[in-house]
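Peer 1: Need coordinates for the below:
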Amino acid sequence: MKILWILTNISSPPERTYCLLARFGPFCFDLDTLELHKFGVKVPLEEKPARLLARLIERQGALVSREELHKCLWHDEVNIDFNHGLNKAANKLRTVLGDDANEPRYLETLSRRGYRFVCEVEVTEPAAILSGKTSLDDPPLYPPTEYQPQLAAERPSLLDLDLRPDGRLILFADSNQKLKNAMLASAVVVAALVIASIGILRWNRETRLGPVRAIITLPSDLHLMTWSEAGIAISPDGTQIVFDAAGPDGHTRLWLRRLDSLTPEALPETEGGAFPFWSPDGKSLGFFTGFELKRFDFATQSAKTLCVANSGRGGVWSEDGTILFARETQSEIYRINANGGDALPITHLDHSRYTTHRWPVLLPDKKHFVFLAANHHDGTLPGQLYLASLEGGEPAQLGEADSNAVPVDGSLLFLSHGKLIAQKVDLRNSRLDPHADVIAESVDYDPGSWYGTFAATTSTLIYRIRPEHREQHALTWLDAAGRKIGVAGQPGVFGGLSLSPDGKNIAAICGDPEFNICLIHTDGSVRNLAGHGLAGALAWAPDSSAFSYIVHEGPASSIFIKYLDARQPERLLMHSTQYSWIVSWHPDKRQVLVLRDAGNMRSELVILDLENGKMVPYMPPQAGLLEAAFSPDGRWVAYRKAFNGDENVFIASYPDPSEQYRVPSKRGVAPRWRGDGQELYFLGPEEAIYSVSVKELGNKLGLGAPRQLFRLPIYGVAADYVSYDVTRDGNRFLVSTVIGAERSELVLATNWRP
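Peer 2: The predicted model follows:
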């Protein structure tokens, strides 16, 4: 048997401590202390689940009966409901491991019989550790225990010296007395070797360049967009970074910061840009807007559209001129030529497990790529990194991750439990190396999009420090000139709002990271109404007695109606395999407009009768159709759709949309009617609120010239077009404003690799 000595003080023999480590997947479990680590980070685990894990690992692959577990976990304790207690311990263990009872990777349930640990476990060879514990990244060898007594017979006959990369001198020796005596007799020789080795290591450390970290503070009028629509990318040569931020005008766009310059530059024609990525030669950028994948060329300082992409989630540009990208928030990975053309899927999305494939990155061999698979409506399921080939075939699961991954040399950088870690990729066996290096902590992260604000090359690492206090929102009342006149409720995190027609209540999507639907009353009190993980699309009934909302379920959705009268139960209106939601109620309270996904990046408007459930088409499928609102008299519908590469507001007659008018503005989103139907408000250029007069001329409409009322005192509103509403008289506007925003800072690190 081998004994591992860490030589720190030869004059006195060190104390021995004994333990046993079990490694499986990204986990490392200490069978002595019952501590569980994931990627080197300690994971909280209660006593009963920990003891359950220890016994299952000890009997790896074999059935452990419920009776045996009863004795192991409870001994002679009185346990009134043992079955419930064991099931609860097993469920807690599964939650910590991120396991699924239906498709177990670690813990398999054999109904009414017991459990079995089905994952391959590597138990470190027994030995004694002397002079303290080593780190989890440098596993020791351990003495024989009750878990593996058979290893006690394995005895080497040689004396081994090993110089570790971290500077520790490791001595392996046989445990019999003869070899111990030989070791002591050789102490002088060993001491000389130790001193010589320390001298060599010190020389190496003094000559090796260490990491250098510096803070890049952005100008006070620039705000990094790191939630929902975000992005940061570093050029292939490591000399430039590009990020999207809101500038002094409140408009989001891409900004370029050369590392030899102190001033960021706004890139033209990149308004609303998000998630940028560089071409291999550093001469172009790919990026996403709300509806498109675009390409920006530095030579011409111009951008062009490559294809339709509804809130794309990441892209990568290969040397052969192919771009891989996630086309939607819930879609497969697609490929397209960097000059444009047809976008074709390259992965297959299994909706029974995941709702999204996103954040594709190419590995250095140029033949493989990695992407993140995740599930929007089950927060207990961790994201998973997958390895795929450009030549096709079934992707291989690499392991859990909380964010996008960035390849550097042969490793992947990604976030796990709040830490930025690096793990080597074993392409031959399609897996990640069990060893993980912690690169940085407190990296900014958006759990809603599984995106971490970091980028890296071989020499340079850029990341944003997580703000000490997360930005919050205040629901602020403004008058028609944009002056603040009050606040509704308390500050919080709001993903959308809708004002009831009578002006007495505000329905809002609130919470972070778990979403809820809140009802905010005029007295400032708040009531939580629903606790669905992915709720949205709030729309009030004309009499303010109820509102509708949807719950996302992968490509499907369920529409609910919530009544303010607590005596009236919530109503499940419909479940659709197509992504559908109510966008507006007709004044008769019987008809509603439903926006429905029609496939191929298009959507359609249909009329749903709430009494008989019948649906009839209203507006045919088209790209960029996202919003609609009935006029107060129900004769017209204002809606938004893509037009000439931008977003515009249109008005169509109802129920026959044969009469259509475009509001004469360069850009327009989020239409809202005044209570008398004679004025329409919308968000226009420069993130300002505009109004346009509307007059009925028989069966025709007359539209006035748009008039700017005021600019919104927020940034990033373009991506969140439900962040404002207006009272029926048009005198007050309710706006979700950002408060407590800290100055944006980035960390620049060189020689960062361990």
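
Peer 1: So for Trp5, what pLDDT did the model give?
Peer 2: On the pLDDT scale, Trp5 is placed at 34.

Peer 1: What is the burial count for Gly238?
Peer 2: 18 (other CB atoms under 10 Å). All C-beta spots, glycine's among them, are computed from the backbone N, C-alpha and C.

Peer 1: ok, now which ones touch it?
Peer 2: Leu259, Thr457, Thr458, Ser459, Thr460 (CB atoms under 8 Å, 6 or more residues apart in numbering).

Peer 1: Look up how far Pro360 lies from the residue nearest to Leu349 when sequence neighbours are not counted.
Peer 2: Distances taken as CB to CB, 6 or more residues apart in numbering put Glu332 closest to Leu349, at 4.7 Å, once the chain neighbours are dropped. Here Glu332 is placed at a distance of 10 Å from Pro360 (CB to CB, to the nearest Å).

Peer 1: And for Leu432?
Peer 2: Counting by CB to CB, the gap from Leu432 to Pro360 is 17 Å.

Peer 1: And the two? Which one has more around it.
Peer 2: Per other CB under 10 Å, whichever of Leu432 and Pro360 has more neighbours is Pro360, with 27 against 24.

Peer 1: So for the more buried one, what pLDDT did the model give?
Peer 2: 97.

Peer 1: wait, it sits on Thr322?
Peer 2: No: using CB atoms under 8 Å, Pro360 makes no contact with Thr322, being 11.0 Å away.

Peer 1: Report pLDDT for the residue nearest the centre of the chain.
Peer 2: For the chain, the residue nearest the mean C-alpha position is Trp450 (1.1 Å; CA atoms, centre = their mean). In this model, Trp450 is scored at 91, pLDDT.

Peer 1: now swap in Leu701 and tell me
Peer 2: So Leu701 comes in at 92 (pLDDT).

Peer 1: Generate a PyMOL selection restricted to the buried entries among the contacts of Gly238.
Peer 2: For the buried members of the contacts of Gly238, the matching PyMOL selection, counting by 16 or more other CB atoms under 10 Å, is:
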select buried, resi 259+457+460
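
Peer 1: Which two among the contacts of Gly238 are spaced furthest apart?
Peer 2: Leu259 and Thr458 (15.1 Å; CB to CB).

Peer 1: just to revisit the earlier point, now do the shared contacts for Glu332 and Pro360.
Peer 2: Ala326.

Peer 1: can you map out the helices along the stretch 151-300 of the chain?
Peer 2: Assigned by DSSP state H, counting those that start in this stretch, the stretch 151-300 of the chain shows helices spanning 177-185, 187-207.

Peer 1: for the chain, same thing?
Peer 2: Along the chain, the segments classed as helices by DSSP state H run 47-58, 66-74, 82-97, 177-185, 187-207.

Peer 1: hey, C-alpha coordinates of stretch 673-683 in PDB?
Peer 2: C-alpha atoms of stretch 673-683 as PDB (Å, rounded to 0.1, in the frame of the first residue of the first chain):
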ATOM      1  CA  TRP A 673     -55.200  53.800 -27.300                       C
ATOM      2  CA  ARG A 674     -56.600  56.800 -25.500                       C
ATOM      3  CA  GLY A 675     -60.000  56.000 -23.900                       C
ATOM      4  CA  ASP A 676     -62.000  58.000 -26.500                       C
ATOM      5  CA  GLY A 677     -60.100  56.300 -29.500                       C
ATOM      6  CA  GLN A 678     -59.000  59.700 -30.900                       C
ATOM      7  CA  GLU A 679     -55.400  59.400 -30.000                       C
ATOM      8  CA  LEU A 680     -52.800  56.600 -30.300                       C
ATOM      9  CA  TYR A 681     -49.600  56.400 -28.300                       C
ATOM     10  CA  PHE A 682     -46.500  54.400 -29.100                       C
ATOM     11  CA  LEU A 683     -42.800  54.100 -28.500                       C
END
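
Peer 1: in it, what counts as buried?
Peer 2: Neighbour count says stretch 673-683 has Trp673, Arg674, Gly677, Glu679, Leu680, Tyr681, Phe682, Leu683 buried, by 16+ other CB under 10 Å.

Peer 1: can you count the residues close to Thr347?
Peer 2: 22.

Peer 1: which ones are touching it?
Peer 2: Counted by CB under 8 Å, 6+ apart, Thr347 has contacts Glu332, Ile333, His357, Phe371, Ala388, Pro395.

Peer 1: Model confidence score at the closest residue to Pro236 other than its chain neighbours, please.
Peer 2: Spatial nearest neighbour of Pro236, excluding adjacent residues (CB to CB, 6+ apart): Gly282 at 5.1 Å. Looking at Gly282, its pLDDT stands at 95.

Peer 1: try Leu285
Peer 2: In this model, Leu285 carries a pLDDT of 97.

Peer 1: Run a quick check on it versus Glu269, I expect a contact.
Peer 2: No: the pair Leu285 / Glu269 is not scored as a contact, 11.1 Å apart, by CB under 8 Å.

Peer 1: Overlap of the contact sets of these two?
Peer 2: Phe296.

Peer 1: who has more neighbours, these two?
Peer 2: Between Leu285 and Glu269, counted using other CB under 10 Å, the more crowded position is Leu285 (25 against 14).

Peer 1: Glu332 versus that one, what's the distance?
Peer 2: 23 Å.

Peer 1: Span of stretch 113-121 from start to end?
Peer 2: Stretch 113-121 stretches 22 Å from its first residue to its last (CA to CA, to the nearest Å).

Peer 1: Which parts of the stretch 601-750 of the chain are strands?
Peer 2: 602-609, 615-623, 627-630, 636-643, 646-653, 660-662, 669-673, 679-684, 688-697, 700-703, 707-711, 724-726, 732-739, 745-750 (DSSP state E, counting those that start in this stretch).

Peer 1: what residues does the fifth one touch?
Peer 2: Residues outside strand 646-653 that contact it (CB under 8 Å, 6+ apart) are 290-291, 619, 624, 635-643, 659-663, 665-669, 671, 680, 682, 694, 699, 701, 703.

Peer 1: quick check: angle from that strand to strand 669-673?
Peer 2: Interaxial angle of strand 646-653 relative to strand 669-673 (axes from the mean of the first three to the mean of the last three CA atoms, to 10 degrees): 30 degrees.

Peer 1: Would you mind writing the CA trace of strand 646-653 as PDB?
Peer 2: This file holds the C-alpha atoms of strand 646-653, laid out as PDB (Å, rounded to 0.1, in the frame of the first residue of the first chain):
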ATOM      1  CA  ASP A 646     -37.700  48.000 -38.800                       C
ATOM      2  CA  GLU A 647     -40.800  47.900 -36.600                       C
ATOM      3  CA  ASN A 648     -43.900  50.000 -37.400                       C
ATOM      4  CA  VAL A 649     -47.300  50.600 -36.000                       C
ATOM      5  CA  PHE A 650     -50.300  49.900 -38.200                       C
ATOM      6  CA  ILE A 651     -54.100  50.200 -37.800                       C
ATOM      7  CA  ALA A 652     -56.500  47.800 -39.400                       C
ATOM      8  CA  SER A 653     -60.300  47.700 -39.600                       C
END
